[in-house]
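**Student:** One predicted model, sequence on top.
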Amino acid sequence: MWLMLQQQKADDYVIATGETYMVRTFAEMVFARLGMPLQWRGSGVNEEGIDSVSGKTVIRIDTKYFRPAEVDLLLGDPSKAKRELGWISEPALSNW
């Protein structure tokens, strides 16, 4: 952010790792970090994430959050920030 504010002219930059992950992978990483490893039960919109320690359901799919026109791939391109600001990303999973 500081590097963006130092530019002579305001511009837009994408700050991203350039990597893509499934929401499931993100959820597994977060819950594991919290000491709540997940097990998955069901499939499709009926799939649930279960805390394998307590046996409680901690993730359910809610179709009201589905996008009307889902895209196949969401991937940020940070090349402009790298090129113009000298910004370097860390791999998203490096601290997990």
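**Tutor:** All right, it came through fine. Residues are numbered from 1 along each chain as shown.
**Student:** Can you list the low-confidence ranges for the protein?
**Tutor:** 91-96 (pLDDT under 70).
**Student:** Longest helix in it, please.
**Tutor:** If you go by DSSP state H, the chain has its longest helix at helix 23-33.
**Student:** Report all helices and strands that it contacts.
**Tutor:** When contacts are defined as 3 or more Cβ pairs under 8 Å, 6 or more residues apart in numbering; DSSP states H and E, helix 23-33 packs onto strand 38-41, strand 48-51. Just so you know, the C-beta spots here come from the backbone N, C-alpha and C atoms, and that holds for glycine as well.
**Student:** Give me the nearest residue to Asp77, chain neighbours excluded.
**Tutor:** Val14 (5.8 Å; Cβ to Cβ, 6 or more residues apart in numbering).
**Student:** ok, that neighbour touching Leu74?
**Tutor:** No: the pair Val14 / Leu74 is not scored as a contact, 11.8 Å apart, by Cβ atoms under 8 Å.
**Student:** Distance from the chain centre to the longest helix of the chain, please.
**Tutor:** 9 Å (Cα atoms, centre = their mean, to the nearest Å).
**Student:** mind listing what's buried in stretch 52-64?
**Tutor:** Ile59 (16 or more other Cβ atoms under 10 Å).
**Student:** Dump the C-alpha coordinates for that stretch into PDB.
**Tutor:** C-alpha atoms of stretch 52-64 as PDB (Å, rounded to 0.1, in the frame of the first residue of the first chain):
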ATOM      1  CA  SER A  52     -13.000 -34.400  13.500                       C
ATOM      2  CA  VAL A  53     -12.200 -33.700  17.200                       C
ATOM      3  CA  SER A  54     -15.700 -32.700  18.400                       C
ATOM      4  CA  GLY A  55     -17.800 -34.300  15.600                       C
ATOM      5  CA  LYS A  56     -19.700 -31.000  15.100                       C
ATOM      6  CA  THR A  57     -20.600 -29.700  11.700                       C
ATOM      7  CA  VAL A  58     -18.700 -26.500  11.200                       C
ATOM      8  CA  ILE A  59     -19.200 -25.900   7.400                       C
ATOM      9  CA  ARG A  60     -22.400 -26.200   5.400                       C
ATOM     10  CA  ILE A  61     -23.000 -25.100   1.800                       C
ATOM     11  CA  ASP A  62     -25.600 -22.300   1.500                       C
ATOM     12  CA  THR A  63     -26.800 -21.900  -2.100                       C
ATOM     13  CA  LYS A  64     -27.800 -18.300  -1.500                       C
END
